[in-house]
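> Curious how this folds, go ahead:
(2 chains)
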Amino acid sequence: SAVISQKPSRDICQRGTSLTIQCQVDSQVTMMFWYRQQPGQSLTLIATANQGSEATYESGFVIDKFPISRPNLTFSTLTVSNMSPEDSSIYLCSVVRGGSYNEQFFGPGTRLTVL
Amino acid sequence: KNQVEQSPQSLIILEGKNCTLQCNYTVSPFSNLRWYKQDTGRGPVSLTIMTFSENTKSNGRYTATLDADTKQSSLHITASQLSDSASYICVVSAGAMFDMRFGAGTRLTVKP
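All right, here's what the predicted structure looks like:
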């Protein structure tokens, strides 16, 4: 399995500010993803964090709002910019390991509340 | 329209009882189906993964079944424990390697 840590685990932020979430993996992985989980909902993919190139964003998510960095194969950051209460969610980092099933592992999540 | 539908949305059972959660999907082409357990405030943890050719897979008290013809899967929990209280998420992988489609989850509460 993959050990994934996220910082911070939770935060309460003011409207209009930005928060950067860090994701650290215990070993090198090719595929790293960022998800959002709104209250009572399932996971929605925000973007794929690509090492050495710009992230690939899903429909409805843009780089200006959710800039992502991936400086190496074990680390990534997601910034939630110019936050509004609608951004209150759990943000999860995820990686995929190779093998026969391409198993997907998730970090513990960052619980964000925007006032 | 969500291509992965789970039922029921929520379920309450008594400790020691069995239960079955359902997942129907319309995702095509199909690569594999995964069941995850997500405790409150935590990230999802994989329970089982099944490919097209696998009909059943067990992980302790959790047994998943897959009928690829009818595009249905179930997760059966035997002799439930309080620690089974969590959300259970069905995820179907479409043709592209990392194209995952998530169900909304079933919220299970096990009461003493």
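> what's across from the residue of chain A found nearest chain B in the sheet?
Nearest to chain B in chain A, going by Cβ to the nearest Cβ, is A:Phe106, at a distance of 3.4 Å. Where you see a C-beta, it was placed from the backbone N, CA and C, and this is true even at glycine. Per DSSP bridges, the residues bridged to A:Phe106 are A:Ser94.
> can I assume it is in contact with B:Pro44?
Yes: between A:Phe106 and B:Pro44 there is a contact under Cβ atoms under 8 Å: 4.9 Å.
> And those two? Which one has more around it.
More neighbours surround B:Pro44 than the other of A:Phe106 and B:Pro44, with 29 against 23 (other Cβ atoms under 10 Å in any protein chain shown).
> what do A:Phe106 and B:Pro44 both touch?
A:Leu92, B:Tyr36 (Cβ atoms under 8 Å, 6 or more residues apart in numbering or on different chains).
> in the chain, what spans have low per-residue confidence?
Reading this off chain A. Along chain A, segments meeting pLDDT under 70 span A:1, A:98-101.
> Let me rephrase: I mean chain B.
Chain B contains residues with pLDDT under 70 at B:1-2, B:95-97.
> Mind doing that once more with 80?
Applying pLDDT under 80 to chain B flags the ranges B:1-2, B:95-99.
> how about the residues of it near chain A?
B:32, B:34, B:36, B:41-46, B:49, B:51, B:89, B:91, B:93, B:97-98, B:100, B:102-105 (Cβ under 8 Å from any Cβ of the partner chain).
> Which ones among the residues you listed map onto helices?
Taking DSSP state H, every one of the residues of chain B next to chain A sits outside helices.
> Just the buried ones from those residues?
Neighbour-count burial (16 or more other Cβ atoms under 10 Å in any protein chain shown) applied to the residues of chain B next to chain A gives B:32, B:34, B:36, B:42-44, B:46, B:49, B:89, B:91, B:93, B:98, B:100, B:102-105.
> Nearest residue to whichever residue of chain B sits closest to chain A in space, ignoring adjacent ones along the chain?
Here the residue of chain B nearest chain A is B:Gly43; by Cβ to the nearest Cβ that distance is 3.4 Å. Spatial nearest neighbour of B:Gly43, chain neighbours left out: A:Phe106 (3.4 Å); criterion: Cβ to Cβ, 6 or more residues apart in numbering or on different chains.
> can you check B:Ala64 too?
B:Thr48 (4.2 Å).
> And B:Lys17, by the same measure?
The shortest distance from B:Lys17 to any non-neighbouring residue, by Cβ to Cβ, 6+ apart, is to B:Ser80 (5.6 Å).
> end to end, how far does stretch A:41-53 reach?
By Cα to Cα, to the nearest Å, the extent of stretch A:41-53 from end to end equals 30 Å.
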